[in-house]
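Undergrad: Quick one: sequence and predicted model below, then my questions.
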Amino acid sequence: MSDPFEIPGGETRRVWVFAFDGPLDELDALSPEALAEALGLWSAPKVEAMERFDLSHLEDYGFARYLSEANGMAVGNDAAMLNALTGPVLVVFSQGLAEAERRFDPDAPFRLIGRYGLTTDLTLPEDITSESALGQLPEGKAPMSSARMSGMVATVVLLFLAVFVAAFVWVGR
């Protein structure tokens, strides 16, 4: 197996998971530059390619399931270990790293949990049945109301009448 601290080049999407030994507020307060220094990087990762959250928010769904189903990563035999983690984590996606970056060298309070790549199993996930997922998806487009339909018909009729009157005025000249 390759070294999880190394950042391989290429187009393949990967993710690194770091545990943070401190409160989530402290992790959220770190700037990208401070994160780069703490992770041993030369340049700051892009903000949109990092996720910071407390794993208590994923208790119903599961962190391994989040990485595999929501992000398409192959977690392999680490599923039980990932689901047993607690506290804040930092998830860094490879597309947020500079091309010149070659290796992570994290300092405390960060601790590498693992590196995961894209899965080759692309099965669709099952419906989410947890309480925390209720009401999170949009309900779809509402059907057109009769008032709106009447307004559209009236607009078409008025346009037709305007063209009809304009034609009579033009012919009557």
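TA: Received, thanks.
Undergrad: so where's the longest helix in this protein?
TA: Ranked by number of residues, the top helix in the chain under DSSP state H is helix 146-171.
Undergrad: what pLDDT does Pro45 get?
TA: For Pro45, the model assigns a pLDDT of 86.
Undergrad: Excluding covalently adjacent residues, which one is nearest to Ala108?
TA: Closest residue to Ala108 apart from its sequence neighbours, by Cβ to Cβ, 6 or more residues apart in numbering: Asp21 at 6.8 Å. For every residue, glycine as well, the C-beta is placed using N, CA and C.
Undergrad: Would you enumerate the residues in contact with that neighbour?
TA: By Cβ atoms under 8 Å, 6 or more residues apart in numbering, Asp21 lies in contact with 87, 108-111.
Undergrad: Please repeat the previous calculation with a cut-off of 10 Å.
TA: Listed by Cβ atoms under 10 Å, 6 or more residues apart in numbering, the contact set of Asp21 reads 27, 87-88, 108-111.
Undergrad: Same question for Ile113.
TA: Ile113 makes contact with 4, 16-19, 63, 78, 81-82, 85, 89-91, according to Cβ under 10 Å, 6+ apart.
Undergrad: Give the helix, strand or coil label for it.
TA: Classification of Ile113 by DSSP: H, G, I helix; E, B strand; the rest coil places it in strand.
Undergrad: next one: stretch 44-60 to chain centre, how far?
TA: Put simply, stretch 44-60 sits 9 Å off its chain's centre (Cα atoms, centre = their mean, to the nearest Å).
Undergrad: Stretch 79-86 too?
TA: Put simply, stretch 79-86 sits 20 Å off its chain's centre (Cα atoms, centre = their mean).
Undergrad: Outside of that stretch itself, list whatever touches it.
TA: Applying Cβ under 10 Å, 6+ apart, the contact partners of stretch 79-86 are 17, 19, 54-56, 58-59, 61-68, 75, 89, 113-114, 116.
Undergrad: hey, C-alpha coordinates of it in PDB?
TA: C-alpha atoms of stretch 79-86 as PDB (Å, rounded to 0.1, in the frame of the first residue of the first chain):
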ATOM      1  CA  ALA A  79     -15.700   1.400   7.700                       C
ATOM      2  CA  ALA A  80     -16.000   0.200  11.300                       C
ATOM      3  CA  MET A  81     -13.000   2.400  12.300                       C
ATOM      4  CA  LEU A  82     -14.400   5.500  10.500                       C
ATOM      5  CA  ASN A  83     -17.900   5.000  12.100                       C
ATOM      6  CA  ALA A  84     -16.300   4.700  15.600                       C
ATOM      7  CA  LEU A  85     -14.500   8.100  15.300                       C
ATOM      8  CA  THR A  86     -15.800  11.000  17.400                       C
END
